[in-house]
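1. I would like to see how this sequence folds:
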Amino acid sequence: MSLDARLSKLQERHATLEQQISTASQHPSVDSLELSEMKRRKLVLKQEIERLRTENTLH
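-> Predicted structure coming up:
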């Protein structure tokens, strides 16, 4: 998988999680542990995206 394709896939997953978090947080019976886990996964994706972008600029 090329770097651009990998970045695109990660960005898609990040956007999907962002939408799920937004939807879940508007729900009155949101599970705070589940919401925290989704936010953690979103952060991990963001960090991976930034790492790949940084590595790509350095090469």
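
2. what's around L17, how many residues?
-> 19 (other Cβ atoms under 10 Å). Backbone N, C-alpha and C define where each C-beta goes, glycine included.

3. what's L45 in contact with, if anything?
-> Applying Cβ atoms under 8 Å, 6 or more residues apart in numbering to L45 gives the contacts L10, R13, H14, L17.

4. and if we set it to 6 Å?
-> If you count contacts by Cβ atoms under 6 Å, 6 or more residues apart in numbering, L45 has them with L10, R13, H14.

5. how far away is it from P28?
-> 27 Å (Cβ to Cβ, to the nearest Å).

6. just L3 next, same as before
-> For L3, the distance to P28 - Cβ to Cβ - is 42 Å.

7. Neighbour count for those two, which is higher?
-> L3 (12 against 4).

8. Please report phi then psi for that one.
-> phi -60, psi -40 (degrees, to the nearest 10).

9. The one 4 residues further on now?
-> As for L7, its main-chain torsions (degrees, to the nearest 10) stand at phi -60, psi -40.

10. What's the local residue count around it?
-> Residues near L7, counting by other Cβ under 10 Å, number 16.

11. what about the helices in this structure?
-> For the chain, helices defined by DSSP state H occupy the ranges 3-26, 32-58.

12. okay, these in JSON lines with mean pLDDT next?
-> What follows is the helices of the chain, written out as JSON lines (pLDDT from 0 to 100):
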{"stretch": "helix 3-26", "mean pLDDT": "96"}
{"stretch": "helix 32-58", "mean pLDDT": "94"}
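
13. Stretch 41-52: which residues count as buried?
-> Within stretch 41-52, the residues scored as buried using 16 or more other Cβ atoms under 10 Å are K42, L45, I49.

14. Also stretch 52-59?
-> Buried, per 16+ other Cβ under 10 Å, within stretch 52-59: nothing.

15. got it, and stretch 24-44?
-> So for stretch 24-44, counting by 16+ other Cβ under 10 Å, buried means A24, M38, K42.

16. between those residues, which is closest to T57?
-> Nearest to T57 among those: K42, at 22.9 Å, using Cβ to Cβ.
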